[in-house]
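> sequence first, predicted model second:
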Amino acid sequence: MSNEVGTTVITTSLELKEVNAAAVLVESQITVKWTNDTTENPPSILEYPKSQKIPAEMDPELFTRPLPDAKKVAAEPIESLGKSYDATVYDWKAQLESGPMQVKGWFSDKFPGRQIKLEFENPNGNEPFVEEIIELNIPNS
């Protein structure tokens, strides 16, 4: 993200630490680089249930959306890390610290983690803020 003050680059590193019978453990570490400074936050462990039953009264598609109120707007190919993926495109409004922001996201079941790219509407009307995978390391592959 860049503006008249400078450029900010936020890097989130996720590392699969463990898969057991009940959960998947992922280590998350975030580094923020400003024009003249860098902050490296300590890593934290995120725990996700390994499986979960979908209640009979719920639409299973609800669990494929990035957020419950996200709307499917397109299906299109997108390139990431030198490969093409057939992606489902969703659109939703996120409530951020700076206020509401429109978000567009590309997701594919063939891409590790499903999320390929997010575009956040820039409230200043400039180019959107973009979040995308720039490196993917899969051990033993």
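Arrived safely.

> can you pull out the low-pLDDT segments for the chain?
1-5, 141 (pLDDT under 70).

> show me how it divides into domains.
The chain breaks down by automatic domain parsing into domains covering 1-52, 59-136.

> buried deepest among those domains, which one?
Ranked by mean neighbour count, the domains of the chain are led by domain 59-136 with a mean of 14 (mean count of other Cβ atoms under 10 Å). For glycine as for every other residue, the C-beta is placed from the backbone atoms N, C-alpha and C.

> once you drop chain neighbours, what's closest to Pro49?
Ala23 (5.9 Å; Cβ to Cβ, 6 or more residues apart in numbering).

> what's the answer for Glu79, then?
Glu79's closest residue in space is Tyr85 (Cβ to Cβ, 6+ apart), at 7.6 Å.

> state whether that neighbour is indeed within a helix.
No: assigned with DSSP: H, G, I helix; E, B strand; the rest coil, Tyr85 falls outside any helix and is strand.

> from Trp106, how far off is it?
8 Å (Cβ to Cβ, to the nearest Å).

> what is in contact with the two at once?
Here Tyr85 and Trp106 share the contacting residues 78, 116, scored by Cβ atoms under 8 Å, 6 or more residues apart in numbering.

> any idea which residue sits dead centre in the protein?
Geometric centre of the chain, nearest residue: Gln115, 5.0 Å, by Cα atoms, centre = their mean.

> what pairs with it across the strands?
Per DSSP bridges, the residues bridged to Gln115 are Phe107.

> mind listing what it touches?
Contacts for Gln115 (Cβ under 8 Å, 6+ apart) come out as 66, 105-107, 133.

> need those in CSV (columns: distance to Ile10).
Shown next, in CSV, are these (distance: Cβ to Cβ, whole Å):
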residue, distance to Ile10
Pro66, 18
Gly105, 17
Trp106, 19
Phe107, 20
Ile133, 13
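
> wait, Arg65 sits on Tyr90?
Yes: look at Arg65 against Tyr90 with Cβ atoms under 8 Å: they come within range, at 6.2 Å.
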